[in-house]
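**Q** Build me a structure from this.
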Amino acid sequence: MQKIALLLLIFTIHISCFSQQNMDEAQKLATLCKVWGFLKYHHPKVAKGQYDWDKELVKKIPYIKSASTKNEINKIYFEWLKSLGKISECKKCKNIDSAALTYNLNHGWLTDTSIFVDDVIAKLNYIKDNRIQKQHYYIKYPQMPSPLFSKEKLYNEMVFPNEEYRLLCLFRYWNIINYFFPYKYVIGEDWNNILLEMIPKFQFPKDTVDYHLAILEMTTKVNDSHASFKSKYIQQYFGEKYPPFIYTIIDNKAIVKGFLNDSIAEENDIQHGDVIIALNNKNLAEVINEKKKYIGASNEATKNRNLSVCLFNGSSDSCNITIEREGQILSKSFRLYSFSEIKDHLNTTKEDVCKELPDSIGYINMGVLTIKQVDSIMKIMMNKKAIIFDIRNYPNFTLYQISYYLNKEKRAFVKFTKPDFSYPGIFKWESESYCGSNNPNYFKGKVVLLFNENTQSRAEFTCMALQTAPNVKCIGSQTSGADGNVSNIPLPGGYYVRMTGLGVFYPDGRETQRIGIVPDIEVNPTIEGIKNKKDEVLERAIEYIIPIVNLK
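**A** As a prediction, this is how the structure comes out:
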């Protein structure tokens, strides 16, 4: 029995060693992606742009694919590293700021003996410890610390490139996210596993549309509401014709809440409050689930928001739907329209910048308010018992002026993180930023902020500033969870994808990415509320304010 056990142990060890020696193609290409990206941003000569680094990758791909053992792969890497020449010792590289943010940093693969032999590990780690400190070719930082990638080649003609350049597309994106996306650590999945998952999709797309869908799916993996990719091939997939109505998604149902054109909607017998539960004989929850992997968003609320502009798009002339209307289940169809058919007949309504509500409550629509209007409108509002700031929109940069009226003194409201120029993957805190200033005549009434999933980026930034008011309450639902400046990532084909490039936090370090601005009183619109054309969030705000102001 002991001999049998010993033989089994030897066999198991042999199989384990063999499996470590032989990686599948995706695993081999994943190591190439990491080594190529690491050298691009660390090696002093590569990072200064002394090589055509895209071409270097394209040349290496077939060699890595054809390598059948660990030793063969390492020989390729060792010769590659050797060919780049010697690197001088960097004494500054050892001085890492003790306050550096390392939550995004993952260098474990640099010492993975299941992939690399000792000589390659030593060379890679020597490069890390003696990395470039300045004059980066591939990264630029403007005054606001959102990185620019303006030196990347666009290859405009490569709408559907060959395999090597499709992999270049993936590898370029993966490494930029790996080193410069401030929120990689809250993606929710292991970024290394995502690389392995996406490699076959970039290697073997069926056609141009399938390839572009792979790019789109790649961008959704970062779970960032700023992340997006557009092309005419993506439009072909979702469809270039539109329904004549506006809708919102609640509980995997689509509720009609408005119309692009009243007469067209009437022709199709679509009514306000119709609840769509099936599309083309398929349960709507199933349709939503199929399309979600192509919808980028930081959270579920924003994913539903983004779905509500493409769920019923198509290429045919009509859709068949099942609806709930006044207690009945009805099957019907409606026409789909090209944008050119409806653009000249779109419903337009002029929104009020401000208005007076009952009990001396002021209301300001932040999506309409201009910088020039702030002083005149706020002077009117100073006599109100309460002001409601509706930020369920995208405001102008009015937050600093408004904060002056709401605060008696300067208040810290945000701090940023920026990538450490000298150590890719590490981030540093910037100093706190302030709003407001000394103002003994500040507004002393109640301040209420309204927000929802449409509150994104500058709107969330605005919320953070106005939250510094001494008597403020936040009412609504989860915001988009994508605060901060946007960086554009160039890809082959002349395309760009986007990411949030600036880390934005409250002064106490609380996060906003994916979480958004958290309401004090949560209010989510209901199907019944939409049917009855109620603004349930605004109604709840008034309900909250009136007892307070009437007590004074």
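**Q** sec struct for residue 218, please.
**A** helix (DSSP: H, G, I helix; E, B strand; the rest coil).
**Q** So it sits against residue 172, correct?
**A** No. In this structure residue 218 lies outside contact range of residue 172 using C-beta atoms under 8 Å: 10.8 Å. Where C-beta positions appear, they are placed from N, C-alpha and C, glycine not excepted.
**Q** what about stretch 198-207, how long is it end to end?
**A** End-to-end distance for stretch 198-207, by C-alpha to C-alpha, to the nearest Å: 16 Å.
**Q** Buried ones in that stretch, by neighbour count?
**A** If you call a residue buried by 16 or more other C-beta atoms under 10 Å, then stretch 198-207 has these buried ones: 198-199, 201-203, 205.
**Q** Can you add secondary structure and pLDDT and give the residues you listed back as TSV?
**A** Shown next, in TSV, are the buried residues of stretch 198-207 (DSSP: H, G, I helix; E, B strand; the rest coil; pLDDT from 0 to 100):
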residue	secondary structure	pLDDT
198	helix	98
199	helix	98
201	helix	98
202	helix	98
203	helix	98
205	coil	98
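**Q** what's the closest of the residues you listed to residue 23?
**A** If you rank those by distance to residue 23 using C-beta to C-beta, residue 199 comes first, at 11.9 Å.
**Q** Name all residues that make contact with the closest one.
**A** By C-beta atoms under 8 Å, 6 or more residues apart in numbering, residue 199 lies in contact with 25-26, 29-30, 33, 167, 170.
**Q** Go through those and flag which are in helices.
**A** Using DSSP state H, 25-26, 29-30, 33, 167, 170 are the members of the contacts of residue 199 that sit in helices.
**Q** Can you select the buried ones from the residues you listed in ChimeraX?
**A** In ChimeraX, a selection of the buried entries from the ones in helices among the contacts of residue 199 looks like this (16+ other C-beta under 10 Å):
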select :29,30,33,167,170
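**Q** looking at this, residue 331 is in a strand?
**A** Yes. Residue 331: assigned to a strand according to three-state DSSP.
**Q** that older thread, distance to residue 500 and pLDDT for the ones in helices among the contacts of residue 199 - can I get that in TSV?
**A** Output for the ones in helices among the contacts of residue 199, formatted as TSV (distance: C-beta to C-beta, whole Å; pLDDT from 0 to 100):
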residue	distance to residue 500	pLDDT
25	32	96
26	28	97
29	27	98
30	25	98
33	22	98
167	25	98
170	20	98
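**Q** Now residue 364: closest residue in space that isn't a chain neighbour?
**A** With sequence-adjacent residues excluded and distances taken as C-beta to C-beta, 6 or more residues apart in numbering, residue 364 is closest to residue 354, at 4.9 Å.
**Q** my read: that neighbour touches residue 363, true?
**A** Yes. At 6.2 Å, residue 354 counts as touching residue 363 under the criterion of C-beta under 8 Å.
**Q** Comparing those two, which residue is more hemmed in?
**A** A count of neighbours by other C-beta atoms under 10 Å puts residue 363 above the other of residue 354 and residue 363, at 22 against 19.
**Q** in the stretch 151-300 of the chain, which spans are helices?
**A** With helices called from DSSP state H, counting those that start in this stretch, the stretch 151-300 of the chain shows them at 163-180, 191-203, 208-220, 232-238, 262-267, 284-292, 300-307.
**Q** give the contact list for the most centrally placed residue in the chain.
**A** Nearest to the mean C-alpha position of the chain, counting by C-alpha atoms, centre = their mean, stands residue 224 at 1.7 Å. For residue 224, the contacting residues are 181, 183, 296-298, 482, 499-500, 513, by C-beta under 8 Å, 6+ apart.
**Q** Can you lay out these as a markdown table showing neighbour count and distance to residue 108?
**A** What follows is those, written out as a markdown table (neighbours: other C-beta atoms under 10 Å; distance: C-beta to C-beta, whole Å):
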| residue | neighbour count | distance to residue 108 |
| --- | --- | --- |
| 181 | 24 | 18 |
| 183 | 26 | 20 |
| 296 | 26 | 28 |
| 297 | 26 | 29 |
| 298 | 29 | 27 |
| 482 | 28 | 29 |
| 499 | 27 | 23 |
| 500 | 26 | 25 |
| 513 | 26 | 24 |
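**Q** In a markdown table, list these along with pLDDT and distance to residue 128.
**A** As requested, the contacts of residue 224 are exported to a markdown table (pLDDT from 0 to 100; distance: C-beta to C-beta, whole Å):
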| residue | pLDDT | distance to residue 128 |
| --- | --- | --- |
| 181 | 97 | 20 |
| 183 | 97 | 23 |
| 296 | 95 | 32 |
| 297 | 98 | 34 |
| 298 | 98 | 31 |
| 482 | 98 | 31 |
| 499 | 96 | 24 |
| 500 | 96 | 26 |
| 513 | 97 | 27 |
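**Q** and these as a markdown table, adding distance to residue 87?
**A** Converted to a markdown table, the contacts of residue 224 look like this (distance: C-beta to C-beta, whole Å):
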| residue | distance to residue 87 |
| --- | --- |
| 181 | 27 |
| 183 | 31 |
| 296 | 39 |
| 297 | 42 |
| 298 | 39 |
| 482 | 38 |
| 499 | 30 |
| 500 | 33 |
| 513 | 35 |
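**Q** where in the stretch 251-400 of the chain is pLDDT low?
**A** By pLDDT under 70, the stretch 251-400 of the chain has no low-scoring segment.
**Q** All the strands of it, residue numbers only.
**A** Ranges of strands within the stretch 251-400 of the chain are 253-259, 275-279, 282-283, 318-325, 328-335, 337-338, 354-357, 361-365, 386-390, based on DSSP state E, counting those that start in this stretch.
**Q** can I assume residue 513 is in contact with residue 482?
**A** Yes. Counting by C-beta under 8 Å, residue 513 touches residue 482, with 6.8 Å between them.
**Q** End to end on stretch 61-80, go ahead and measure it.
**A** Length of stretch 61-80, first residue to last, C-alpha to C-alpha: 13 Å.
**Q** Show me what that stretch is in contact with.
**A** Contacts with stretch 61-80, where a contact means C-beta under 8 Å, 6+ apart, come from 20-23, 25, 28-29, 31-32, 35, 60, 115-117, 119-120, 123, 163-164, 167.
**Q** quick check, distance from it to the centre of its chain.
**A** Distance of stretch 61-80 from the chain centroid (C-alpha atoms, centre = their mean, to the nearest Å) equals 35 Å.
**Q** In contact with residue 480, which residues?
**A** By C-beta under 8 Å, 6+ apart, the contact list for residue 480 reads 225, 297-299, 301-302, 305, 453-457, 459-460, 516.
**Q** Swap in 7 Å and give it another go.
**A** With contacts defined as C-beta atoms under 7 Å, 6 or more residues apart in numbering, residue 480 is in contact with 225, 298, 302, 453, 455-456, 460, 516.
**Q** any idea how far residue 550 is from it?
**A** 35 Å (C-beta to C-beta, to the nearest Å).
**Q** Excluding sequence neighbours, find me the nearest residue to residue 154.
**A** In space, and not counting its chain neighbours, residue 154 is closest to residue 494: 4.7 Å by C-beta to C-beta, 6+ apart.
**Q** Counting neighbours, what do you get for that neighbour?
**A** Number of residues near residue 494 (other C-beta under 10 Å) recorded here: 13.
**Q** so how far is residue 153 from it?
**A** Look at residue 494 and residue 153: by C-beta to C-beta, they are 10 Å apart.
**Q** and of the buried residues of stretch 198-207, the nearest to residue 338?
**A** Taking C-beta to C-beta as the measure, residue 338 sits nearest to residue 205 out of the buried residues of stretch 198-207, at 27.3 Å.
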